[in-house]
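*Asks:* from the sequence below, what's the structure:
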Amino acid sequence: MFARRVCGGAAVSAARLVRCESQKVTGDVIGVDLGTTYSCVATMDGDKARVLENSEGFRTTPSVVAFKGSEKLVGLAAKRQAITNPQSTFYAVKRLIGRRFEDEHIQRDIKNVPYKIVRAGNGDAWGTRG
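*Replies:* Next up is the predicted model:
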């Protein structure tokens, strides 16, 4: 059984821990918290994380993306137009990550979202415009 420890936000085995602890991070660092409902982005400022504000001045952004003609909308702008453009507005897509199309959760989600969820060539579940 492997001991699990956290290294840079990810769990690693004891065998990989030595390598992780010996590496120094140089350059700019960015962290993304991809949430099902809201997402957040932070950068490192010295030894402190600094959460970035979006264009509306909020520290979290709705995890919504929409396509309206040739326009691409993200966050609040995408969420605001979802009622008039449901088949091209994507939300809760985090639920698709790492899941196969046949997964029972995906089959349930297919019935509950206005966009299409299709089987990718490798069997994964992908969202596409309805």
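
*Asks:* elements contacting the longest strand along the chain?
*Replies:* For the chain, the strand that runs over the most residues, judged by DSSP state E, is strand 38-45. Other helices and strands packing on strand 38-45, by 3 or more CB pairs under 8 Å, 6 or more residues apart in numbering; DSSP states H and E, are strand 30-34, strand 48-51, strand 61-62. Any C-beta I mention is one placed from the backbone N, CA and C, and that applies to glycine too.

*Asks:* out of the ones you listed, the one nearest Asn122 is which?
*Replies:* Among the helices and strands packed on strand 38-45, strand 30-34 comes nearest to Asn122, with 20.9 Å by CB to CB.

*Asks:* what sits up against the closest one?
*Replies:* Strand 30-34 is contacted by residues Gly9, Ser39, Cys40, Val41, Ala42, Thr43, Met44, Ala49, Ser63, Lys94 when judged by CB atoms under 8 Å, 6 or more residues apart in numbering.

*Asks:* mind redoing it with 10 Å?
*Replies:* Strand 30-34 has contacts (CB atoms under 10 Å, 6 or more residues apart in numbering) with 8-9, 39-44, 49, 51-52, 60, 63, 93-94, 97.

*Asks:* just to revisit the earlier point, ok now the longest strand of the chain, how far from the chain's centre?
*Replies:* Its chain's average C-alpha position is 13 Å from that of strand 38-45, according to CA atoms, centre = their mean, to the nearest Å.
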